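J.: attaching a predicted model along with its sequence, questions to come.
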Protein chains: 2
Amino acid sequence: MQSNNLNLEAFFQHYRILIDRRLAQAIRPSAIAPSLHEAMRYSLLNGGKRIRPLLMLATVEATDGKPELALDAAAAVELIHCYSLIHDDLPAMDDDDLRRGKPTCHIQFDEATAILAGDALQTKGFELLANAEQFSETTRLRLIQCLTQASGPLGMVGGQAVDLSAVGKRLDLLALQQMHKMKTGALLEACVLMGAYCNQLSNGQTVDTLRRFAADIGLAFQIKDDILDVEVDTATLGKTGGKDAANQKPTYTSLLGLHAAKVKADELRINAIDALKSIGLEHSRLAEIAHYVVDRNR
Amino acid sequence: MQSNNLNLEAFFQHYRILIDRRLAQAIRPSAIAPSLHEAMRYSLLNGGKRIRPLLMLATVEATDGKPELALDAAAAVELIHCYSLIHDDLPAMDDDDLRRGKPTCHIQFDEATAILAGDALQTKGFELLANAEQFSETTRLRLIQCLTQASGPLGMVGGQAVDLSAVGKRLDLLALQQMHKMKTGALLEACVLMGAYCNQLSNGQTVDTLRRFAADIGLAFQIKDDILDVEVDTATLGKTGGKDAANQKPTYTSLLGLHAAKVKADELRINAIDALKSIGLEHSRLAEIAHYVVDRNR
């Protein structure tokens, strides 16, 4: 089947199944530490949206590759994302009891198991890439370099540290943007770049432009999350709504107001599509994803 | 300078400095998340014994390589070890206040920062290997494969999960040994294997024998740790002594008694040296390390 004959919803559904299958294979249960594996499976295979791996596969498709060949890289990013959610939900961090409509990992199991499950999922992410023999050695290393950089102290983990230190403080818009660039933007950008790397694109105008596209939709994604946190009830969201306000966390909606936040998200969508236009990809799956990011209701 | 002209203490001293320098380079401070980087530096650059990276460098030397060329791989293993210590010390896990004579990371900073610092150190370990351009791509990937496997759910993290679930239970000797094989043995074995890989040895009798050697001294290392926990006071140990007994954790000394534990450690040392003999390395640095592991007093 040609993936680009599918509409976005069908593309998502089709590849979500393949991603979930690959994730389940990656963390097969072990008789040696059953509780650890159970916690890993519980948090990883919980019907998540898989937006990050889908963004990567969409990039593969848009740059004329076969998404099926990039499933290991897509699964690796989801493993990293999932580990970060488990740790972020811990009592010492965001102290969240609910994730995707179910008890968070440390509620379902216990804190120690949740910490270790997160640790193990991170390790598995890099292991998967190192063993992905369908890619050349050069590509595998490039994928690991990209993912470690995006998820490490100058990326995702650093952003979470800045976020925690900002609770109760008055951040300005620039500081908030810097934090989100690290906390969520870096990994979303990595998804797009890794999609290009899976296709043997490694530099030049296409990759530079895709990076700009990714930065725009990454920020739009976060703004939309803040909007949803204000507008949508807990049941629909599958996580505790209104929590940012309750925690006095700075958000785009608290800084800009709801209306201006929506305008900003729309501007970013337009910029993202413009970037795609400049490399002839304005009718690709990536354009559909840009619309999805801003129009989604959960 | 030829490293093999040094006695063991001089070898340790010389390479500890180089390892510490490489570690400091690997986690340069960032203006963006200063508290995170401070916590990473605090836990990583704290005068640790560096036994794992030193074991790796000794393997490089014993197999006729230059230890200086393997410093990135040595630092990567220490990054992984250090992340695991930070997380193991957390209140939800071993709840330890003291590490190497100083407050543990979550005491000095806070729990959230300690969780993130551990996460970031793990990421940095794999990043360092992926970027170690002095190695061929094949070697870099082999190093990452080895380290992910040893530190993941079937290795170090899995062992910690088994250890936690064993508190207050009566483990038999075989179960205790299986737990330690994963929790500490797997990473020590990886040090020896990675040392061989740094030298372009990847299979055959030498590597198989080195693996046996590593398994023996890995177990001896753990038994010696249990002996020290009983015999040595907190000030000398730099961590809380007698803690395993207080926590009703099964140990070699509690299962075998102190005397039989010492006999067992000695047997393992003899086996380890015998393994080295079979590949003509009984006068190498690795033999000195086998003696060190069993004779050390902290």
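T.: Thanks, I have the structure now. Values in this document were obtained by computation on a predicted structure and should not be read as measured data.

J.: from here on, just use CA atoms for contacts and neighbour counts.
T.: Noted.

J.: contacts for stretch A:129-145 next, please.
T.: A:69, A:72-73, A:76, A:126, A:194, A:197-198, A:200, B:126-127, B:130-131, B:137-138, B:141-142, B:144-145 (Cα atoms under 8 Å, 6 or more residues apart in numbering or on different chains).

J.: what parts of chain A come near chain B?
T.: A:30, A:32-33, A:35-37, A:87, A:92-93, A:111-113, A:115-116, A:119-120, A:122-124, A:126-127, A:130-131, A:137-138, A:141-142, A:144-145, A:148-149, A:151-154, A:157-159, A:161-162 (Cα under 8 Å from any Cα of the partner chain).

J.: give me the buried subset of these.
T.: A:32-33, A:35-37, A:87, A:92-93, A:111-113, A:115-116, A:119-120, A:122-124, A:126-127, A:130-131, A:137, A:141-142, A:144-145, A:148-149, A:151-154, A:157-159, A:161-162 (16 or more other Cα atoms under 10 Å in any protein chain shown).

J.: so which of the residues you listed belong to helices?
T.: A:35-37, A:87, A:111-113, A:115-116, A:119-120, A:122-124, A:126-127, A:130, A:137, A:141-142, A:144-145, A:148-149, A:151, A:157-159, A:161-162 (DSSP state H).

J.: can you get me a residue count around A:Gln178?
T.: 15 (other Cα atoms under 10 Å in any protein chain shown).

J.: now A:Asp274
T.: Using other Cα under 10 Å, A:Asp274 is surrounded by 17 other residues.

J.: one more: the one 4 residues further on?
T.: Number of residues near A:Ser278 (other Cα under 10 Å) recorded here: 12.

J.: spatially nearest residue to it, not counting backbone neighbours?
T.: A:Thr209 (8.0 Å; Cα to Cα, 6 or more residues apart in numbering or on different chains).

J.: show me what contacts the one you found?
T.: Residues in contact with A:Thr209 (Cα under 8 Å, 6+ apart) are A:275-276, A:278-279.

J.: pull out the buried positions in the host helix or strand of A:Gln222.
T.: Assessed by DSSP states H and E, A:Gln222 sits inside helix A:205-231. By 16+ other Cα under 10 Å, the buried positions in helix A:205-231 come out as A:206-207, A:209-230.

J.: same deal with stretch A:100-111?
T.: For stretch A:100-111, burial by neighbour count (16+ other Cα under 10 Å) applies to A:100-101, A:104-109, A:111.

J.: quick one: average pLDDT of that stretch?
T.: On average, the pLDDT along stretch A:100-111 is 95.

J.: what's the span of that stretch, first residue to last?
T.: 18 Å (Cα to Cα, to the nearest Å).

J.: would you pull up how far that stretch lies from the middle of the chain?
T.: The chain centre lies 20 Å from the centre of stretch A:100-111; the measure is Cα atoms, centre = their mean, to the nearest Å.

J.: do the same with stretch A:149-158
T.: 13 Å.

J.: ditto for stretch A:128-144
T.: Put simply, stretch A:128-144 sits 20 Å off its chain's centre (Cα atoms, centre = their mean).

J.: end-to-end on that stretch?
T.: Across its full length, stretch A:128-144 reaches 10 Å between end residues, using Cα to Cα.

J.: for A:Leu98, see how far away A:Gln145 is.
T.: A:Gln145 sits 32 Å away from A:Leu98, going by Cα to Cα.

J.: now A:Asp119
T.: 20 Å.

J.: ok, now A:Lys277?
T.: 40 Å.

J.: ok, now A:Phe12?
T.: A:Phe12 sits 24 Å away from A:Leu98, going by Cα to Cα.

J.: please apply the same query to A:Leu71.
T.: Going from A:Leu71 to A:Leu98 by Cα to Cα gives 28 Å.

J.: which one of the two has more residues nearby?
T.: Per other Cα under 10 Å, whichever of A:Leu71 and A:Leu98 has more neighbours is A:Leu71, with 24 against 17.

J.: find the nearest non-adjacent residue to that one, please.
T.: A:Ile19 (6.4 Å).

J.: tell me, how many residues neighbour that neighbour?
T.: 24.

J.: ditto for the one 4 residues further on
T.: Taking other Cα under 10 Å as the neighbour definition, A:Leu23 ends up with a count of 24.
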